[in-house]
Structures are given as structure tokens and as C-alpha cells.
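*Asks:* I would like the atomic coordinates for the input below:
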Amino acid sequence: METNVVIIGAGPAGLAVAACLKQAGVDFVILEKADEVAPSWRRHYRRLHLHTVKSLSSLPFVPFPESHPRYVPREKVVAYLDAYAGRFGLEPRFGVTVKSIRREGDRLLVQTDAGLFNAGKVVVATGNNAQPILPDFPGMEDFKGKVLHSAAYTEAAPYAGKDVLVVGMGNTGAEIALDLAESGAVPIISVRKGVHIVPRELFGVPIQIVGIASRTMPQSLNDWMFPKILDLALGKLGKYGIARPKRGILQGIDAGRIPVIDVGTVAAIKAGRIGIAPDIASFTTDGVRFADGVEKTFDAVIFATGYRPAYDRFLPAELRPGKSGVNAQASELGVYLVGFHNPVTGLLREIGIEARAVAKDIARR
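*Replies:* Take a look at the predicted model:
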């Protein structure tokens, strides 16, 4: 099939780009390996809410309904994305897996398990959560308890009354630990490195808005100021086993490490309902041995150890632009990445910005 643009992925990024291209009158095809739009959002654990405010988290042209809460729950995000696709008449080709992309003259050939697509431009919108990362520790194969990645975690009910180790304290690990604690489990978070934690609202102001405002300030001022403010807002967390990285918050964000946006985990840690432990040294048959030599028994271990984008499986190095959004390399290659930059100012907000810019660049060319 021949088309102007092939969009790979029907999550928020793919839908946003498609809506913008449709408004610009550019024809496209959306390819999605799952059987429905926004498959990652449908798989997320049930208690998940947006950590960013709804007014700054909608996709282009369609705000979230007024009736939705400030921090929209997962099921309402899914319903919003379904309605968004319907509103713009977006009809992805479901069940289609992209195998490879290659250039032939001024065209890009997208090979799939459903045939070949010939395009002028390609937008990769498969997201950062394409492939779960599951580390390997000595003795892990001998552990008799349950082991799973956070991608497979849905709710806390099966873990009530059980000792659960959550490995990794990013946003997912922190919220899963809180979900477990609130449902009668006994969670401990293994924290390998220092972590920046910010409240979802700082003295009543959403941290997303604080982040947007602070980006205009010098990085050195931010790095000096925020630790002092956060100590006032959350308390000094070092005594609970949570160290703050030497690298400042903005430096961490630029390196791809988003701070943990606290939705109650810190209070649960202070109350002793969530424990903190160092990195894992090895597994035992009934638990783990930590880096400090302490051994503990666990019924289950949940790895909240992140994901990788995995578009390298089909996109060769010579066709990869340097970064997400519009840039000179993407424009020259005709290949755009959308939705792979996750700033503290909000992924969905960034997706909207990138989608508009990419669609404008494609239409102009």
C-alpha cells in the first residue's frame, strides 16, 4: 500500500499525530500490533491516575471533560482515547506488526506481517513502555515465590497479608507499594540509587505547573532551591533510607530520570507501612539477601524496573533521528519519533506539542 505517512502505534502519541495530520489534510495509515487503541493504558494497574492535571494533559483539539477530576483515573483516560479516535474517524490497522523499515530512493518501505507499506514519511509512536526490563540476579531461578514485572501487576488484592518486595522506586514502584500497603500487604521497596521525590501538589499548586514555571529559571538556582523546598514539603527522607541524588532534579530529567511524584507513598513510609531496603545482592529460596547483608523472606517480588522503547527491532540506526519531536535530522530522514521525551512538565502535554510540530513539518514538506 502507498501512503504519505505511516504512523506506527495507536497509543496517545500515534492518535495525536493522526488527528493533526487529518486536520492538515495529509493522508496516513496507523499500524498497531494490538487489537485496540491505547493498549498500554489498558494494561496499567487499576489504581493509576494521571500525575499531571487534566487541563495540561489532553491531546490536540479535545480537552478532557469538565466533569473529570483534576487527576484523571486510568479507566477515564482509556475512554477518552477511545472517544478521541472516534471523533477524528481514526481507524488503525490492528494486529499488524512492523518488521523492518528501509529506504528506497526517496521512499520508506515499511515491511509488516500484513504486507509492505510504501510511505513518504514514518512516525514512530510506539512509546517508551514497549518492552519490560527484567533484571537477572544470582539465585533468582531458585526463588520459590512469585516473580513478575510491574507490567503484569493489576491490583493488590491477591497480595493481601503477604510480604512483597517491590524492586525500584520510580513512579510505578512507589505507587504499587502504596497500593499494596493500602490493601493489607506488607511491602518493602528496594532502592538501588538515590531518588528525587516531589509532592503531586506543592503547597496547593500542582507540581506540573511548578515545573513549567521553573524551567525558565537557571538550572543552578533550581538545583539549590528545590532540595530546601522539598525538605519543607516532605521532610528529610534520609533517615528513612531514601537518599537524594547528587545530581539536581533538572539534570536528572535531562538524563531521562523523572522524579517520583508522591501520591501518598512518603506518608506510608513514615508511618512504617512501607519499608525501604538497599539493592538486592542475590535471591534465596524464600527471599532475598540485600547489599547490606540482611536477608528477608518474601512471598512475591515485583520488578518495577522500567521499560525500553524497543523500536530498534525494526528501525535501523541510519534511520533514527537524534531525539523525539521535530529536528533537522528527523526532517531530513523523514522519520519522526513522537512520545519518547518525558519531561516533568508532563508526557501527554509533550505529546501534544510534538504531534502538532511533526504534523506541521510533514505538511510543509
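
*Asks:* rest of the way, CA atoms for contacts and neighbours
*Replies:* Fine.

*Asks:* ok, residue 101 to residue 19 distance?
*Replies:* Spatial separation of residue 101 from residue 19 under the definition Cα to Cα, to the nearest Å is 23 Å.

*Asks:* the more surrounded of these two?
*Replies:* Neighbours were counted for residue 101 and for residue 19 using other Cα atoms under 10 Å; residue 19 has more, 23 against 20.

*Asks:* quick check: that one touching residue 86?
*Replies:* No. Residue 19 is beyond contact range of residue 86, at 10.5 Å (criterion: Cα atoms under 8 Å).

*Asks:* pull the contacting residues for residue 176.
*Replies:* With contacts defined as Cα atoms under 8 Å, 6 or more residues apart in numbering, residue 176 is in contact with residue 166.

*Asks:* doesn't it belong to a helix?
*Replies:* Yes. Read with DSSP: H, G, I helix; E, B strand; the rest coil, residue 176 is one of the residues of a helix.

*Asks:* quick one: the residue nearest to residue 314 when sequence neighbours are not counted from residue 297, how far?
*Replies:* The shortest distance from residue 314 to any non-neighbouring residue, by Cα to Cα, 6 or more residues apart in numbering, is to residue 100 (4.2 Å). Remark: distance between residue 100 and residue 297 (Cα to Cα) = 45 Å.

*Asks:* for residue 305, same thing?
*Replies:* Residue 305 is 20 Å from residue 297, where distance means Cα to Cα.

*Asks:* longest strand anywhere in this structure?
*Replies:* Scanning the chain for the strand with the most residues, using DSSP state E, yields strand 115-124.

*Asks:* could you export that strand as CSV, CA atoms only?
*Replies:* Taking C-alpha atoms only, strand 115-124 is exported to CSV below (Å, rounded to 0.1, in the frame of the first residue of the first chain):
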residue,chain,number,x,y,z
GLY,A,115,2.4,-6.8,3.7
LEU,A,116,4.5,-3.8,2.5
PHE,A,117,3.7,-0.2,3.0
ASN,A,118,5.3,2.5,0.8
ALA,A,119,5.4,5.9,2.6
GLY,A,120,7.0,9.3,2.2
LYS,A,121,7.3,9.7,5.9
VAL,A,122,7.2,7.5,9.0
VAL,A,123,6.2,8.4,12.5
VAL,A,124,7.3,6.0,15.3
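
*Asks:* which neighbouring elements make contact with it?
*Replies:* Contact analysis of strand 115-124 by 3 or more Cα pairs under 8 Å, 6 or more residues apart in numbering; DSSP states H and E lists strand 2-8, strand 107-112, strand 335-337 as its packing neighbours.

*Asks:* of all these, which lies closest to residue 73?
*Replies:* Ranking the helices and strands packed on strand 115-124 by proximity to residue 73 (Cα to Cα) places strand 2-8 first, at 25.8 Å.

*Asks:* quick one: mean pLDDT over that closest one.
*Replies:* Along strand 2-8, the predicted confidence averages to a pLDDT of 97.

*Asks:* just list what that strand packs against, helices and strands only.
*Replies:* Checking 3+ Cα pairs under 8 Å, 6+ apart, strand 2-8 ends up next to helix 12-24, strand 28-32, strand 115-124.

*Asks:* mind checking how far it is from the chain centre?
*Replies:* From the chain centre to the centre of strand 2-8 is a distance of 25 Å (Cα atoms, centre = their mean, to the nearest Å).

*Asks:* tell me the SS of residue 242?
*Replies:* Residue 242 - assigned by three-state DSSP - is coil.

*Asks:* which elements pack onto the helix or strand containing residue 223?
*Replies:* Residue 223 is part of helix 219-234 when elements are defined by DSSP states H and E. For helix 219-234, the elements it packs on are strand 197-199, helix 249-254, judged by 3+ Cα pairs under 8 Å, 6+ apart.

*Asks:* what lies in contact with the longest strand of the chain?
*Replies:* The set of residues external to strand 115-124 that reach it, using Cα under 8 Å, 6+ apart, is 1-9, 14, 106-111, 311, 334-338, 362.

*Asks:* kindly report the same for stretch 208-216.
*Replies:* Among residues not part of stretch 208-216, those counted as contacts by Cα under 8 Å, 6+ apart are 52, 53, 200, 202, 222, 344, 345, 346.

*Asks:* what about 10 Å?
*Replies:* 51-53, 56, 200-202, 207, 221-222, 226, 250, 261, 343-346 (Cα atoms under 10 Å, 6 or more residues apart in numbering).

*Asks:* and that stretch, average pLDDT?
*Replies:* Confidence over stretch 208-216, taken as the mean pLDDT, stands at 81.

*Asks:* and if you look at stretch 49-64?
*Replies:* Along stretch 49-64, the predicted confidence averages to a pLDDT of 95.

*Asks:* and the end-to-end length of that stretch?
*Replies:* Start-to-end span of stretch 49-64 (Cα to Cα) is 14 Å.

*Asks:* for stretch 147-165, same thing?
*Replies:* When the termini of stretch 147-165 are compared using Cα to Cα, they are 10 Å apart.

*Asks:* chain center to it, what's the gap?
*Replies:* The gap between the average C-alpha position of stretch 147-165 and the chain average comes to 20 Å, counting by Cα atoms, centre = their mean.

*Asks:* all the strands of the stretch 51-200 of the chain, residue numbers only.
*Replies:* With DSSP state E, counting those that start in this stretch as the criterion, the stretch 51-200 of the chain has strands at 93-94, 98-104, 107-112, 115-124, 131-132, 146-149, 163-167, 186-190, 197-199.

*Asks:* make CSV from those and add distance to residue 353 and mean pLDDT to it.
*Replies:* Written out in CSV, the entries for those read as follows (distance: least, Cα to Cα, whole Å; pLDDT from 0 to 100):
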stretch, distance to residue 353, mean pLDDT
strand 93-94, 25, 98
strand 98-104, 26, 97
strand 107-112, 25, 98
strand 115-124, 15, 98
strand 131-132, 25, 94
strand 146-149, 31, 97
strand 163-167, 33, 98
strand 186-190, 35, 98
strand 197-199, 24, 92
